[in-house]
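Asker: here are the coordinates; sequence isn't available:
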């Protein structure tokens, strides 16, 4: 299943900066009719509003809160494409002080956030034969020890993304799992990564993969190294049909 961005209505969580902001800009540059900017702080999207005018609509949303996401889905009930980009990534080792509370926090946003988005928008996306894009990470398939809890939370979100492909795919919804390496964002800097890929490299690759109907996207140089090593497992295990 594939679709183009042109004339589509999209929603992007965490749309105010980094990869989310780049996705908004790429979508509009590729002809999106309207993009909902789903953010916790509605004052953080002023730059995008000034740049794109009525092509963007800011909505308050917190992916860690079920009520907030259900309200978001009611307001944005005309979407063709939902991009769950919002996430957190604090450095924390497996053996560390307060590791349990840190892991719970990252699960609440990175994994349960996806569950909330998927369940809230499933009916709309099924009706539209739409697309759900989940920003995962190369850390979803490799635990980076100084980012252990983040890696584990992204592994959970990646597993859930596979579940969404199995459940929503037969209903006409395309699921795209995006696995970037380090990206030049505030989150990557806080995690100790430098020389990351440009956010636009990720956003433009998402546009291309949506059009191609892909499930996996490894968009940048480091990510493609993972893709090369992971491809056999992906084809023979992740994408294989074990129903028979």
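Answerer: On my side now, so go ahead. In this text, all values refer to a predicted model and were calculated from it rather than measured experimentally. Numbering: from 1, shown residues only.
Asker: who's in contact with the closest residue to residue 87 other than its chain neighbours?
Answerer: Among residues not flanking residue 87 along the chain, residue 110 sits closest, at 5.0 Å (CB to CB, 6 or more residues apart in numbering). Every residue, glycine included, has its C-beta placed from N, CA and C. Residue 110 makes contacts with 87, 88, 150, 153, 154, 156, 157, as judged by CB atoms under 8 Å, 6 or more residues apart in numbering.
Asker: Can you lay out those as CSV showing pLDDT and neighbour count?
Answerer: Converted to CSV, these look like this (pLDDT from 0 to 100; neighbours: other CB atoms under 10 Å):
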residue, pLDDT, neighbour count
87, 96, 26
88, 96, 19
150, 97, 26
153, 98, 29
154, 98, 28
156, 98, 19
157, 98, 26
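Asker: for these, which one is nearest residue 71?
Answerer: Using CB to CB, the shortest approach to residue 71 within these belongs to residue 87, at 20.3 Å.
Asker: Backbone torsions only: list them for the closest one.
Answerer: When read as degrees, to the nearest 10, the backbone of residue 87 gives phi -170, psi 170.
Asker: Mind checking which of the contacts of residue 110 land in helices?
Answerer: 150, 153, 154, 156, 157 (DSSP state H).
Asker: Low-confidence ranges, this protein, go.
Answerer: 1-2, 185-194, 244 (pLDDT under 70).
Asker: need the helices for this protein, in chain order.
Answerer: According to DSSP H, the helices that the chain contains are 18-29, 46-52, 66-75, 99-110, 112-128, 148-168, 186-190, 199-212, 221-233.
Asker: next one: the second one to chain centre, how far?
Answerer: Taking CA atoms, centre = their mean, to the nearest Å, one finds helix 46-52 lying 22 Å from the centre of the chain it belongs to.
Asker: List the buried residues for that helix?
Answerer: 48, 52 (16 or more other CB atoms under 10 Å).
Asker: Now do it: everything it contacts.
Answerer: So helix 46-52 is contacted by 15, 16, 21, 24, 25, 28, 35, 37, 56, 58 (CB under 8 Å, 6+ apart).
Asker: let's see it at 10 Å
Answerer: 15-17, 20-21, 24-25, 28-29, 32, 34-35, 37, 39, 42, 45, 55-58 (CB atoms under 10 Å, 6 or more residues apart in numbering).
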